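Q: dropping a prediction and its sequence here:
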Amino acid sequence: MENVGIYTPPQEARTMPADAAAVFDSSLTLNELEVTQSAQDKLMEIISQTDEDVSAIRIYISGGGCGGLAYGMTFTDDQGDFDTILQFDGFKVLVDVVALNYLRGAQIDYVQEVGRERFVFNNVFAETGGSGTCGGCGAADGGSG
């Protein structure tokens, strides 16, 4: 059998500015990622109660595949060159541009129910589409497929 080879697309000349971070717009608006007033209040309460000198909350995503994406938050003071920033009175929310692609249009809320308090990420994938699970292998619904 004849070796037909592997297709390699032509390489385009890609030029990046000398300092890409200098042209990056790090501002984030509530239209891109909404943080409800109850979530803001709880985040400020949590930050004020920590023993650490923390002024920011990082929103992150992890996982993927059949299990879908998981959304979370952690304390940080480490701001990267490509973090977007949502400034509130007393603290800021940091989201890197990769996570923002999955969170754009979402809402972060703080919900208090009987015996349960939690942050909820509503309307994730609002602009990118999808549900976060594939359903093809059955793992998305607990493996009952």
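A: Thanks, I have the structure now. Numbers count the residues shown, from 1 in each chain.
Q: quick one: Leu33 from Tyr60, how far?
A: Distance of Leu33 to Tyr60, given as CB to CB, to the nearest Å: 13 Å. (Each C-beta comes from the backbone N, C-alpha and C, glycine too.)
Q: ranges for the helices of this structure?
A: Along the chain, counting by DSSP state H, helices occupy 20-23, 37-49, 97-103.
Q: next, count neighbours for the closest residue to Ala99 other than its chain neighbours.
A: What sits nearest to Ala99 in space, not counting adjacent residues and going by CB to CB, 6 or more residues apart in numbering, is Ile61, at 4.7 Å. A count of nearby residues for Ile61, using other CB atoms under 10 Å, gives 20.
Q: low-scoring stretches of this protein, by residue?
A: The model of the chain has pLDDT under 70 over residues 1-24, 64-65, 67, 125-145.
Q: let's see that with 50 instead.
A: In the predicted model of the chain, residues 1, 3, 126-145 satisfy pLDDT under 50.
Q: contact partners for Ser27?
A: For Ser27, the contact set (CB atoms under 8 Å, 6 or more residues apart in numbering) comprises Thr84, Ile85.
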